[in-house]
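Participant: Sequence and predicted structure, then a few things I'm wondering about:
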Amino acid sequence: MKRKEVESSWGQLDYDILRQILVLLPVEDLLRSVSLVCCYWRSVVGAVLFWKDYETLDFTPLNPLFEQHSDQRLFQALESVMNWNTIQHHQRCINNIVFAPLMHLKHTHLALVAQRSQKLKTLMFPDSYDINVKELTSIIQKWSELEELSIGPLDHSYTDRLFRKMGTVCKNLTKLHIFGSFSKATKPSFLLDENNAWIIAANLVQLRVFNIDETKLCKSGVWTVLSESNNLTELNLKLCIGIVDPPISFIILIPTIKYLEDPISVEIKRVKTNKCMKLWSVDSSDDSHRIITSSTDELVNQLWSGHVIELEVSLPY
């Protein structure tokens with residue numbers, strides 16, 4: 001009887017003790033071996049690898065294990081991680097989800113995650129290029145409580161529909177981050193032109209912080225965002241390509257496009273509103289690093305005052 005009392009199995013090991021042991025093992029061993037032992041061990045592996053805290057689910061560890069981009073294997077992995085019937089999961093609440101770049105997620109993968117995280121508040125999704133904007137629009141309606149969204153690269157087609165849906169569903173969205181392409185893109189990438197800017201300003205009315213990385217900008221688009229987004233307090237542009245108006249919609253009439261030679265990287269913060277004029281502060285690029293306060297017109301004109309290069313564009317036909 002005494003021998004039976006002291007005997008125990010690995011399957012009965014205390015959760016915290018087992019977790020401390022599994023933390024020491026490589027990611028590949030945890031996913032391909034340890035997680036297959038039993039449901040209890042799989043739940044502990046999930047906590048070790050994917051839960052950064054009780055509100056944040058990080059799928060980044062999956063990225064290096066799917067170099068072959070097997071859709072079915074990735075779907076099974078996501079489904080396994082989000083199996084809430086295992087131990088300790090009842091104590092968790094998914095408020096934040098992080099995906100890694102180049103995970104090559106498809107519509108079915110993201111739809112599965114959305115179905116099981118409808119209280120989501122923050123989503124970092126820097127690899128949306130394998131999902132078209134129509135599919136993103138259907139998925140985004142699952143996340144009505146979303147407050148912060150980082151997404152990209154976006155196909156320029158139908159982005160107006162996406163922003164309208166976000167404005168209708170995501171009433172609390174205050175921070176939006178749009179990424180450019182991580183590789184050579186074959187589809188038309190996102191362009192902040194006047195049309196997109198008006199739709200963003202009119203629909204994402206609670207937007208306070210707008211970050212744009214490595215995309216194309218029209219002068220009229222930046223002016224519209226700064227002028228018409230009433231609650232916007234910060235606009236961050238990083239390595240963006242400035243297009244000299246007229247916008248790209250006139251490409252058939254004008255077979256060349258004028259770009260600014262130097263990429264635009266600037267942090268713009270709202271200072272105050274002086275009667276009907278919004279004033280913005282930017283860090284000076286000279287050695288003194290002075291803070292310069294400008295009106296919207298002055299600021300946009302300054303951003304587009306650099307050297308211009310002209311490139312020929314192949315026509316659609």
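Facilitator: Sure, I can see it. Numbering: from 1, shown residues only.
Participant: mind showing which ranges of the stretch 51-200 of the chain have poor pLDDT?
Facilitator: Where the stretch 51-200 of the chain drops to pLDDT under 70, the residues are 64-70, 83-91, 182-188.
Participant: again, only this time at 50
Facilitator: 87, 184 (pLDDT under 50).
Participant: Strands of that one, start to end?
Facilitator: 56-58, 96-98, 122-125, 148-151, 175-178, 191-192 (DSSP state E, counting those that start in this stretch).
Participant: Then the stretch 201-317 of the chain?
Facilitator: Under DSSP E, counting those that start in this stretch, the stretch 201-317 of the chain gives strands at 209-213, 216-218, 234-243, 256-260, 264-274, 277-283, 291-295, 308-312.
Participant: Just put those in TSV and tack on distance to residue 77, mean neighbour count and mean pLDDT.
Facilitator: Bear in mind the C-beta positions are built from the backbone N, C-alpha and C, glycine included. Below are those laid out as TSV (distance: least, Cβ to Cβ, whole Å; neighbours: other Cβ atoms under 10 Å; pLDDT from 0 to 100):
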stretch	distance to residue 77	mean neighbour count	mean pLDDT
strand 209-213	28	19	96
strand 216-218	35	23	92
strand 234-243	32	19	94
strand 256-260	41	16	83
strand 264-274	37	14	87
strand 277-283	43	16	83
strand 291-295	48	14	83
strand 308-312	43	10	81
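Participant: Redo these as TSV? Include distance to residue 22.
Facilitator: Listed next are the strands of the stretch 201-317 of the chain as TSV, based on distance: least, Cβ to Cβ, whole Å:
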stretch	distance to residue 22
strand 209-213	36
strand 216-218	46
strand 234-243	38
strand 256-260	51
strand 264-274	42
strand 277-283	45
strand 291-295	49
strand 308-312	54
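Participant: between the ones you listed, which one is nearest to residue 163?
Facilitator: strand 209-213 (11.7 Å; Cβ to Cβ).
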